[in-house]
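1. When you get a sec, could you give me coordinates for this:
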Amino acid sequence: MSVYELKPAAGSKRKRKIVGRGTGSGLGKTSGKGHKGQKARSGGGVRMGFEGGQIPLYRRLAVRGFSNHPFKKTWVVINLDRIDALFSDSETVNRETLQAKGLIKKSETNVKILNRGEFNRKGLTVEVPSISKAACARIEDLGGKVRLSTGVPVSTEA
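-> Purely as a prediction, here's the structure:
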């Protein structure tokens, strides 16, 4: 096989529409644009959503709700059963170790641990930004320590 024998796959290329080459071509004279008007002119046409001067639909509909998108905080939820599967007894669970085990991405900083599934790891040290009270109690019952990544020890008594 040589370079001159290469061809695109069948059906992958569309034949270009040739317009304005006489009335016999089927797309001659007005080139398929009809007679006069805004859409017949070069560069002509209306923007998306334009309804001829009538108030467009997107402005007629009521604005509902609220979006806090630029300031939204998203949390990566990790359940105790995932920690139980990937960590061993007396290990430290923090951002670096969670990232090393593939539970979070490098850019994800907000991590919350929730109490779900089987958990039997003894003596774990957990340092994360947020943890549920039930998960905290379960870790401490097995001899572990829980600290928020801000350095504040977490207490389940309240």
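
2. residue at max distance from the center of the chain?
-> Relative to the C-alpha centroid of the chain, counting by Cα atoms, centre = their mean, residue 24 is the outermost residue, at 52.2 Å.

3. Need phi/psi at that one.
-> When read as degrees, to the nearest 10, the backbone of residue 24 gives phi -70, psi -20.

4. again, but for the one 3 residues further on
-> Reported as degrees, to the nearest 10, the phi and psi values for residue 27 are phi -130, psi 40.

5. Quick check, it in contact with residue 18.
-> Yes. The pair residue 27 and residue 18 qualifies as a contact (Cβ atoms under 8 Å) at a distance of 7.2 Å. Bear in mind the C-beta positions are built from the backbone N, C-alpha and C, glycine included.

6. For those two, work out which one has more neighbours and name it.
-> Per other Cβ atoms under 10 Å, whichever of residue 27 and residue 18 has more neighbours is residue 27, with 15 against 11.

7. Tell me the spacing between that one and residue 109.
-> Distance of residue 27 to residue 109, computed by Cβ to Cβ, to the nearest Å: 58 Å.

8. same check, this time on residue 12
-> The spacing between residue 12 and residue 109, counted by Cβ to Cβ, is 44 Å.

9. Would you confirm that residue 126 belongs to a strand?
-> Yes. Assessed with DSSP: H, G, I helix; E, B strand; the rest coil, residue 126 lies in a strand.

10. sorry, back to before: can you pick out the residue with more neighbours from residue 12 and residue 109?
-> residue 109 (14 against 7).

11. Keeping just the C-alphas, turn stretch 127-138 into PDB.
-> Output in PDB follows, covering the C-alpha atoms of stretch 127-138 (Å, rounded to 0.1, in the frame of the first residue of the first chain):
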ATOM      1  CA  GLU A 127      -7.400  13.700  59.600                       C
ATOM      2  CA  VAL A 128     -10.000  15.000  57.200                       C
ATOM      3  CA  PRO A 129     -11.900  18.300  56.800                       C
ATOM      4  CA  SER A 130     -15.300  16.800  57.700                       C
ATOM      5  CA  ILE A 131     -16.700  13.500  59.200                       C
ATOM      6  CA  SER A 132     -20.100  12.500  60.400                       C
ATOM      7  CA  LYS A 133     -20.700  11.900  64.100                       C
ATOM      8  CA  ALA A 134     -21.600   8.300  63.600                       C
ATOM      9  CA  ALA A 135     -18.400   7.600  61.600                       C
ATOM     10  CA  CYS A 136     -16.400   9.400  64.300                       C
ATOM     11  CA  ALA A 137     -17.900   7.300  67.100                       C
ATOM     12  CA  ARG A 138     -17.300   4.100  65.200                       C
END
